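Colleague: I would like the atomic coordinates for the input below:
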Amino acid sequence: MTERDVEVVDAELVDDGHLPAVVEPRPAARPLVDRHTILMPGEGLPTEADAPTYTERDLYVSERTKVRLEKHSAPKNTSVNYKAQRGIFERWCTEQGRVARPCTTATYVEYVAHLIELGRSPNAINAAMSAIRTWMPEDKKPGTRQARGMLNEYKKAWAKRTAVRKAPPVTDELLRAMVATCDLRTPAGLRDRCMLLLGRGALNRRIELADLSIADVAVDNDFVTLHIRSSKTDQEAKGEHTDIPADDDPLLDPVAAVRDWLTALHYLGVREGAFFRALTSRGTLQNRAAATERGDYVTGDAINDWVRSRAHKAGAKNWQQITAHGLRRGGAQAIADAGGDPTKQGRWKAGSAVVKREYLDRAQSRAENPWLKVQAKRRAAAEEQG
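Modeller: Below you'll find the model as predicted:
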């Protein structure tokens with residue numbers, strides 16, 4: 001075989017009048033870095049080529065997870081309020097010809113100014129701001145600096161023209177009067193006495209009382225122990241225990257109150273589930289078949305109604321203003337006046353500014369009130385003369 005006989009197999013065939021095809025080099029993958037990227041010595045720049053390829057499998061959640069997210073992503077009251085706030089904002093944006101989601105910072109600021117002009121309370125505006133901002137995609141949330149600045153200025157003006165209204169504390173004297181109205185021959189009387197003494201003893205929030213299950217309540221000769229499954233300061237539902245000691249006064253003894261109410265529940269055929277139950281005027285269990293949201297568990301509003309009803313029967317002049325929070329306030333103040341710290345008993349956060357300002361500082365101020373010295377001097381002088 002001669003050199004001429006060798007077949008060429010890798011030559012490129014080109015049509016007459018056309019240049020050979022040119023293979024364009026592939027563009028270099030862009031680096032994936034931002035101002036937060038940290039690289040160790042010897043590491044190369046991460047690029048788009050290193051990024052994973054996501055499929056629908058990576059983006060969808062299951063139906064069970066969807067239900068959990070919708071049901072437990074936030075406390076029920078918060079979820080309902082946020083949904084309402086977002087709906088109001090969305091309608092306002094439609095009226096104004098603005099995009100609601102994701103909104104611009106200018107739209108966010110303009111809406112806050114709109115709420116201020118309407119005279120909404122600072123707390124209501126703050127809740128609306130939070131509802132709107134958490135509704136936006138993570139990478140497209142509006143800025144808050146200008147809106148916060150406006151709201152802070154508005155708070156000053158609001159404080160000047162609005163008196164702070166708080167539920168009045170239920171004092172020892174009023175508590176005794178309210179418990180005395182409970183007819184212990186009836187299920188409602190046994191229930192309300194138990195509710196008053198637990199609310200006062202454990203410094204419960206109303207929803208903590210409403211959420212109690214029979215399994216959450218333990219009683220022995222010396223203490224009642226409540227297991228609070230979740231609370232305002234325990235959104236992760238880790239659970240906390242609160243002990244309430246027995247009282248020598250039969251009227252105010254939480255141990256006797258819990259035992260009597262558990263006995264009443266037993267006679268009503270209740271062995272498990274909700275601890276506090278809605279009752280008819282005849283003392284039987286209310287039919288809760290239509291209460292799809294909470295079932296046998298009453299609402300916080302129901303707890304408030306029971307407390308207010310007892311205050312009215314006790315002859316309290318300001319009974320319309322008294323709520324379950326008054327039990328918490330009154331109990332915390334009594335502990336502070338006696339030289340104790342109600343923080344742990346009431347499940348406030350450690351070092352709570354509210355406890356310090358409302359209870360500890362106030363108790364110290366009262367103890368150091370200069371008029372007490374005047375009274376002590378007057379009593380000493382009277383004893384000398386006597």
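Colleague: list the buried residues for the helix ranked longest in the chain?
Modeller: In the chain, taking DSSP state H as the definition, the longest helix is helix 76-96. Using 16 or more other CB atoms under 10 Å as the test for burial, helix 76-96 gives 81-82, 85-86, 89-90, 92-93. All C-beta spots, glycine's among them, are computed from the backbone N, C-alpha and C.
Colleague: and it, what does it pack onto?
Modeller: With contacts taken as 3 or more CB pairs under 8 Å, 6 or more residues apart in numbering; DSSP states H and E, helix 76-96 sits against helix 105-117, helix 122-135.
Colleague: out of the ones you listed, flag the one nearest residue 225.
Modeller: helix 122-135 (34.1 Å; CB to CB).
Colleague: in JSON lines: the buried residues of helix 76-96, plus pLDDT and distance to residue 331.
Modeller: Formatted as JSON lines, the buried residues of helix 76-96 follow (pLDDT from 0 to 100; distance: CB to CB, whole Å):
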{"residue": "81", "pLDDT": "84", "distance to residue 331": "28"}
{"residue": "82", "pLDDT": "89", "distance to residue 331": "31"}
{"residue": "85", "pLDDT": "93", "distance to residue 331": "33"}
{"residue": "86", "pLDDT": "94", "distance to residue 331": "37"}
{"residue": "89", "pLDDT": "96", "distance to residue 331": "39"}
{"residue": "90", "pLDDT": "95", "distance to residue 331": "43"}
{"residue": "92", "pLDDT": "96", "distance to residue 331": "43"}
{"residue": "93", "pLDDT": "95", "distance to residue 331": "46"}
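Colleague: wait, which of those residues is closest to residue 296?
Modeller: Top of the list for closeness to residue 296, among the buried residues of helix 76-96 and by CB to CB, is residue 81 at 24.5 Å.
Colleague: related to what we said a few turns ago, what is the nearest of the buried residues of helix 76-96 to residue 333?
Modeller: residue 81 (29.6 Å).
Colleague: wait, the closest one sits on residue 134?
Modeller: No - using CB atoms under 8 Å, residue 81 is not in contact with residue 134; the gap is 11.9 Å.
Colleague: touching, residue 218 and residue 224? I think so.
Modeller: Yes - when contacts are counted by CB under 8 Å, residue 218 is listed as touching residue 224 (7.3 Å).
Colleague: more neighbours: those two, which one.
Modeller: Set residue 218 next to residue 224 and count neighbours by other CB atoms under 10 Å: residue 224 wins out with 25 against 13.
Colleague: give me the sheet partners of the one helix or strand that one maps to and which way each runs.
Modeller: Using DSSP states H and E, residue 224 maps to strand 223-228. Sheet pairing of strand 223-228 (DSSP bridges) gives strand 217-219 (antiparallel), strand 240-245 (antiparallel).
Colleague: identify whichever of these lies nearest to residue 180.
Modeller: So among the strands paired with strand 223-228, strand 240-245 is nearest, using CB to CB, at 19.6 Å.
Colleague: buried sites along the closest one?
Modeller: 242, 244.
Colleague: which residues does residue 330 contact?
Modeller: The contact partners of residue 330, by CB atoms under 8 Å, 6 or more residues apart in numbering, come to 169-172, 174-175, 200.
Colleague: as TSV, those residues with secondary structure and distance to residue 140 would be great.
Modeller: Formatted as TSV, the contacts of residue 330 follow (DSSP: H, G, I helix; E, B strand; the rest coil; distance: CB to CB, whole Å):
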residue	secondary structure	distance to residue 140
169	coil	46
170	coil	48
171	coil	52
172	helix	55
174	helix	52
175	helix	52
200	helix	48
